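> Next comes the sequence, and after it the predicted model I'd like to discuss.
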Amino acid sequence: MKYAFPDNFWWGSASSALQTEGAREGETTWDYWFAREPNRFHNGVGPQQTSTFYQNWKTDIQLLKQLNHNSFRTSISWARLIPDGIGEVNPEAVDFYNQVIDELNEQGITPFITLFHFDMPMAMQEIGGWENRDVVDAYARYAQICFELFGDRVLHWFTFNEPIVPVEGGYLYDFHYPNVVDFRRAATVAYHTVLAHAKAVQAYRAGHYAGEIGIVLNLTPSYPRSQNPADVKAAHIADLMFNRSFLDPVLRGEYPADLVALLKSYDQLPACKPEDGFLIAEGKIDLLGVNYYQPRRVKCRDSAVNPQAPFMPEWFFDNYEMPGRKMNPYRGWEIYAPGIYDILVNLRDNYDNPRCFISENGMGVENEQRFIENGQINDQYRIEFISEHLSWLHKGISEGCNCLGYHMWTFIDNWSWCNAYKNRYGFIQLDLETQQRTIKKSGEWFAATALNNSFEKE
Ligand code: BGP
């Protein structure tokens, strides 16, 4: 069967500043944390060891071209542009991002730019990070500076990438700095991130820039174990906490009333100001990026909550290991392609069918060298992964979902936070020692699919 996509469909991939660029002037929380606890990172490899995009951007853009990308998302590093987060702009960073943006445009690859992809400047974290409203203002200033510097040539902006992840990692589950476990502080961080997002949107609107502004959310459909009301309720609460805590503010301009009521009843609401509601309503977006890797399966709790235990989302559900689920064993994530369709249908039916695109989807695999044939990684599993997901995305589009493109994570194998280089995601293999880049089979497959705007599958 042939799957053909609408004209002007966005084919491309995503990456981020910290994961690709390499050495920079301004310190981030990752540099700080790595210097103190290198053992937290796979094989002790930190954020300095990257695919050196800062040096190789020009030839890398040639490779993007070879993969027939018509669009590409990366992020600006706040800490590179404004090393202390709030003061002077670094002219070398301006030159660098200008060159990258101009070269992408010249090559016919539309730049999609994220403003914050997990990389908090350390100077901002030292004053409390997202817990401090001054950081919200500093971020809004940074966003405005980016719009002024690059807004004439960047027409697709994203305020945040997966804003729930620093909340989970930094304040609930201890996989990002500052390694806090405290729900109310997590809720404050999430709330202030929404305010920061809304302030950036406000600034963008006020400047009457030519393009559009959105956000990238990792939407993780919550599937209940059964249709039993207790399981359904558990899935609903997981959905409220992990998806709708950002989805509703950015698409509806307000929080779900039942999420607010739930947190209020447990005394976990962050401190609000009366004017916040107006600001949040102003944060409605033009374009939603959807990152999709895995579903969330939940069931009701089987045991009572220890009232002395810290308040956590898991007070309301247990994670459910569905028998027979298909796993990516390297990342420990379930592979469930219909999830992409369910997300699009939910957006269509419950959120007025917003303009959206798949901004990340992908499969990290360990030790890919074992698949080398004639010097090239033959990653058939990745081709299958992509074509499965694309066939469900196609079904969504054919049923009226407003999905405008598909970007893969990622372009060249890159540094993946605490997993460093354990799992490789790229269309292009990176030899860390020599920095040599070699296109994988999946890269060739994707290039052909993008060129034809279609692919064939049984
Ligand atoms: C997303 C992030 C990316 C990327 C990807 C793969 O959550 O936006 O930055 O890293 O996941 O996940 P990981 O690197 O944790 O394997």
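Sure, I can see it.
> Point me to the residue of this structure nearest the ligand.
residue 416 (3.0 Å; CB to the nearest ligand atom). All C-beta spots, glycine's among them, are computed from the backbone N, C-alpha and C.
> Quick one: residues contacting that residue.
Listed by CB atoms under 8 Å, 6 or more residues apart in numbering, the contact set of residue 416 reads 19, 364, 422, 423, 425.
> Over to the fourth one: give its phi and psi.
Reported as degrees, to the nearest 10, the phi and psi values for residue 423 are phi -100, psi 130.
> partner residues bridging it?
residue 366 (DSSP bridges).
> Run through the residues that contact it.
330, 331, 364, 365, 366, 416.
> From the residues you listed, keep the buried residues only.
The neighbour count (16 or more other CB atoms under 10 Å) marks 330, 331, 364, 365, 416 as buried among these.
> Wasn't residue 57 part of a helix?
Yes. Counting by DSSP: H, G, I helix; E, B strand; the rest coil, residue 57 is found in a helix.
> thinking it is in contact with residue 103, fair?
Yes. With contact defined as CB atoms under 8 Å, residue 57 counts as touching residue 103 (7.1 Å).
> re earlier: and the residue of the chain closest to the ligand, how close does it get to residue 172?
Distance, residue 416 to residue 172, by CB to CB, to the nearest Å: 20 Å.
> ok, now residue 130?
Note on residue 130: its distance to residue 172, by CB to CB, is 13 Å.
> Read off the pLDDT value for residue 258.
pLDDT for residue 258: 98.
> Once you drop chain neighbours, what's closest to it?
Nearest residue to residue 258 in three dimensions, chain neighbours excluded: residue 240, at 6.5 Å (CB to CB, 6 or more residues apart in numbering).
> hang on, that neighbour packs against residue 260?
No. With contact defined as CB under 8 Å, residue 240 does not reach residue 260; the gap is 9.6 Å.
> Which one's more surrounded, the two?
residue 240 (22 against 14; other CB atoms under 10 Å).
> Spell out the secondary structure type for the more buried one.
helix.
> and it, what does it touch?
Contacts of residue 240 (CB under 8 Å, 6+ apart): 256, 258, 259, 262.
> Assumed the second one was part of a helix.
Yes. Counting by three-state DSSP, residue 258 is found in a helix.
> how about the residues of the stretch 351-458 of the chain near the ligand?
360, 364, 409, 416, 417, 419, 423 (CB under 6 Å from any ligand atom).
> Just the pLDDT at the residue lying closest to residue 430 once chain neighbours are set aside, thanks.
In space, and not counting its chain neighbours, residue 430 is closest to residue 413: 4.0 Å by CB to CB, 6+ apart. In the predicted model, residue 413 carries a pLDDT score of 98.
> Repeat that for the one 10 residues further on.
Taken from the predicted model, the pLDDT recorded for residue 423 is 98.
> Quick check: the gap between it and residue 445.
Residue 423 sits 20 Å away from residue 445, going by CB to CB.
> swap in residue 101?
For residue 101, the distance to residue 445 equals 28 Å [CB to CB].
> Please apply the same query to residue 133.
47 Å.
> more crowded one of these two?
Ranked by neighbour count (other CB under 10 Å), residue 133 and residue 445 place residue 445 first, with 18 against 15.
> My guess is that one contacts residue 390. True?
No. Taking contacts as CB under 8 Å, residue 445 lies outside contact range of residue 390: 10.8 Å.
> got any residues that touch both of these two?
Joint contacts of residue 445 and residue 390 (CB under 8 Å, 6+ apart) are residue 455.
> sorry, back to before: can you go through the contacts of residue 240 and name the buried ones?
256, 259, 262.
> Pipe those into JSON lines and attach distance to residue 234 per row.
JSON lines is the format used below for these (distance: CB to CB, whole Å):
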{"residue": "256", "distance to residue 234": "16"}
{"residue": "259", "distance to residue 234": "15"}
{"residue": "262", "distance to residue 234": "13"}
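> which bits of the protein sit near the ligand?
Residues of the chain lying close to the ligand by CB under 6 Å from any ligand atom are 16, 19, 161-162, 165, 218, 291, 331, 360, 364, 409, 416-417, 419, 423.
> ok so, going back, now do the residue nearest to residue 430 against residue 382, distance only.
Residue 413 sits at a distance of 12 Å from residue 382 (criterion: CB to CB).
> if you count what's nearby, which of these two comes out ahead?
Neighbour tally, residue 413 and residue 382, criterion other CB under 10 Å: the higher count belongs to residue 382, 27 against 24.
> sec struct for the closest residue in space to that one that isn't next to it in sequence, please.
Nearest non-adjacent residue to residue 382, counting by CB to CB, 6+ apart: residue 442, 4.2 Å away. Assigned state for residue 442: helix (three-state reduction, three-state DSSP).
> Please give the number of neighbouring residues around residue 442.
That count, for residue 442 with other CB under 10 Å as the rule, works out to 25.
> check contacts around the closest residue to residue 247 other than its chain neighbours.
Nearest residue to residue 247, sequence neighbours excluded (CB to CB, 6+ apart): residue 217, at 6.1 Å. Shown in contact with residue 217 (CB under 8 Å, 6+ apart): 162, 163, 164, 243, 246, 247, 250, 288, 289, 290, 291.
> so which strand or helix has residue 217?
Using DSSP states H and E, residue 217 sits in strand 212-218.
> what are the pairing partners of that strand, and which direction each?
By DSSP bridges, strand 212-218 pairs with strand 156-161 (parallel), strand 287-291 (parallel).
> contacts for the shortest one?
What that stands for is strand 287-291. 73, 112, 156, 158, 161-162, 212-219, 250-251, 343-344, 347, 354-361, 404, 407, 409.
> just stretch 138-148 next, same as before
Looking at what lies outside stretch 138-148 - CB under 8 Å, 6+ apart - the contacts are 76, 78, 81-82, 85-86, 89, 113, 115-116, 124, 157, 159, 196, 199-200, 202-204, 207, 209.
> Separate out the buried members of those.
76, 78, 81-82, 85-86, 113, 115-116, 124, 157, 159, 196, 199-200, 202-204, 209.
> and the closest residue to residue 228 other than its chain neighbours, how many neighbours?
Spatial nearest neighbour of residue 228, chain neighbours left out: residue 300 (7.5 Å); criterion: CB to CB, 6+ apart. Counted with other CB under 10 Å, the neighbours of residue 300 add up to 20.
> quick one: residue 300 from residue 448, how far?
Counting by CB to CB - residue 300 and residue 448 are separated by 46 Å.
> can you list the weak-confidence ranges in the stretch 201-350 of the chain?
For the stretch 201-350 of the chain, applying pLDDT under 70 flags no range at all.
> all helices for the stretch 201-350 of the chain, in order.
For the stretch 201-350 of the chain, the helices defined by DSSP state H, counting those that start in this stretch occupy 229-239, 245-252, 257-265, 276-282, 338-350.
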